[in-house]
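> only the shape, not the letters, is given here:
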């Protein structure tokens, strides 16, 4: 599924949240979206998935303008992992993944079988019947990812999928994303930690887009030599790099400008 | 565990329905047929329809508003029915078309009008669910004020009749009520059961549900209109029967958890069993008199709910 944003502008109460954003993600491409808090990354994802309607420009999924699609048609094209999941009731992991499956006229047995498969993919088939409130933060995030898999859309939007996870779980999440990417899904992933991108299947093919104040500031490649200085400028820090002795990959870390 | 609990719950509800036919004055050969077939059976059927409709509507409202305190009256249905009933009583009108008393017809129209107003508002995706709840409260208060105005202008006889209606009762002779309620309750029950899957998506937030293929505005409208149709018919026919729509879904939730796949059908069956059980008690508790069933639903259901909630918290 290809995604194209043409001059997308979103404003609320006179403040521009997104300003003339042009962006393209081809089939099977992975784009990492970086930028300071409040840059508009979450707003951009919400606009792509159709929760916000742009006042200017348009968002195309394939050939279709998102704003003209029904909720069902949108769900078939794009799946969204929000930053925070509202969760108050003691639903089981299976309930949650079946809901994400969204093919409401499919017999429950079929939906459940697909959902168990998705849970197995993230290593959680044994807790399918357990309440998600009894699961750890990492397990809950994996349940949410299983939901994305069950929805089976060709484009995934992920808003800081490694948020609040311990280092091992962060790597697990990014490895899984790498696998999905290799299988041909298109992925847009918001992250604060670009070093995590090393765990994707082919980091040298990862595209990066930097956002600030609702605008796209740069688009580049993860392997680009200019990336540290671009990121430094974007966040207002000095971005230094180190060579990882193990595999020669580049690690970035921030230092204060002062 | 859940499966066994569900089975016991269903068995208990069905036993309550069956028992209601046998409990009461001993039958003698001469009157047995009449009492069983013309009094107890139709009364049980109406009780089951009303209980099932109120309980499943409560469960659906709690899901659609993501609010445990939502009830079938949340969108102003009961208040509208009360207003309609009072207007009919103060006009002192008798029987209307199809053998429906004008009281019933007027209560039905009142209930449907108020819930249509709120459902119409809910259909606009722009309103948040708390806006819709507020609209329901506003419509309830406004109809209440109008009802008070009508009462002020009514005579003593109309006031007594209105008070009687507002107690909530299921007295039946023959199958008139079953025929009248059946279609409305049927639409509500089948419709809401069919919406269980998309309703479940709302538990994780309306935004996520919207991206998972649920047209939230449309779903809200459908649930409100489907529930209101049945509830309006029930309230018009029996008067307001309190707490069934609150208590039964919560009892089911405590027993089998919040998954709507079980919650909706079990609320349906449990609502029928609970109301018929209360009504059977209401028939036999006082010698020579009947208690209004609404008194028992609240008096028995509320403490049972509190007890169960406290046990679940320990």
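That came in fine, so what should we check first? Note that the structure is predicted; figures quoted are calculated from it, not measured.
> give me the buried positions along stretch A:34-43.
Within stretch A:34-43, the residues scored as buried using 16 or more other C-beta atoms under 10 Å in any protein chain shown are A:34, A:35, A:36, A:39, A:40, A:41, A:42, A:43. In short, each C-beta sits where N, CA and C put it, glycine included.
> can you check stretch B:130-143 too?
Buried, per 16+ other C-beta under 10 Å, within stretch B:130-143: B:132, B:133, B:135, B:136, B:139, B:140, B:142, B:143.
> same question for stretch B:179-192.
B:180, B:181, B:184, B:185, B:187, B:188, B:189, B:191, B:192.
> list the contacts of stretch B:26-38.
Here stretch B:26-38 makes contact (C-beta atoms under 8 Å, 6 or more residues apart in numbering or on different chains) with B:21, B:24, B:25, B:173, B:174.
> what about that stretch, start to end distance?
Across its full length, stretch B:26-38 reaches 16 Å between end residues, using C-alpha to C-alpha, to the nearest Å.
> that stretch: which residues count as buried?
Within stretch B:26-38, the residues that count as buried by 16+ other C-beta under 10 Å are residue B:35.
> pLDDT of that stretch, averaged?
For stretch B:26-38, mean pLDDT is 84.
> now swap in stretch B:278-296 and tell me
On average, stretch B:278-296 scores 88.
> same question, stretch B:86-101
The average of the pLDDT scores along stretch B:86-101 is 68.
> could you do stretch B:249-262 as well?
91.
> tell me the spacing between the one residue in the stretch 51-200 of chain B that gets nearest to chain A and residue B:120.
Taking C-beta to the nearest C-beta, chain A has its nearest neighbour within the stretch 51-200 of chain B at residue B:197, 4.4 Å off. Distance, residue B:197 to residue B:120, using C-beta to C-beta, to the nearest Å: 25 Å.
> repeat for residue B:10
For residue B:10, the distance to residue B:120 - C-beta to C-beta - is 37 Å.
> what's the answer for residue A:193, then?
47 Å.
> ok, residue B:132 next?
Note on residue B:132: its distance to residue B:120, by C-beta to C-beta, is 10 Å.
> which strand or helix spans residue A:173?
Assigned by DSSP states H and E, residue A:173 falls within helix A:167-182.
> buried stuff in that helix?
A:169, A:170, A:172, A:173, A:174, A:176, A:177, A:178, A:180, A:181.
> may I ask which two of those residues are separated the most?
Greatest spatial distance in these: A:169 and A:181, 18.6 Å, computed using C-beta to C-beta.
> can you pull the contacts of the residue nearest to residue B:110 when sequence neighbours are not counted?
Of all residues not flanking residue B:110 in the chain, residue B:84 sits nearest, at 2.5 Å (C-beta to C-beta, 6 or more residues apart in numbering or on different chains). Neighbouring residues of residue B:84 by C-beta under 8 Å, 6+ apart: B:106, B:107, B:108, B:109, B:110, B:111, B:113, B:236.
> neighbours of the last one, how many?
Residues lying near residue B:236 (other C-beta atoms under 10 Å in any protein chain shown) number 29.
> how about the second one?
The local packing count at residue B:107 equals 31, with neighbours defined by other C-beta under 10 Å.
> let me see the contact set for it.
Listed by C-beta under 8 Å, 6+ apart, the contact set of residue B:107 reads B:81, B:82, B:84, B:85, B:88, B:165, B:232, B:235, B:236.
> separation between the first one and residue B:190?
Same thing as residue B:81. Distance from residue B:81 to residue B:190, by C-beta to C-beta: 23 Å.
> cool, and the third one?
According to C-beta to C-beta, residue B:84 and residue B:190 sit 26 Å apart.
> ok, now the fifth one?
For residue B:88, the distance to residue B:190 (C-beta to C-beta) stands at 30 Å.
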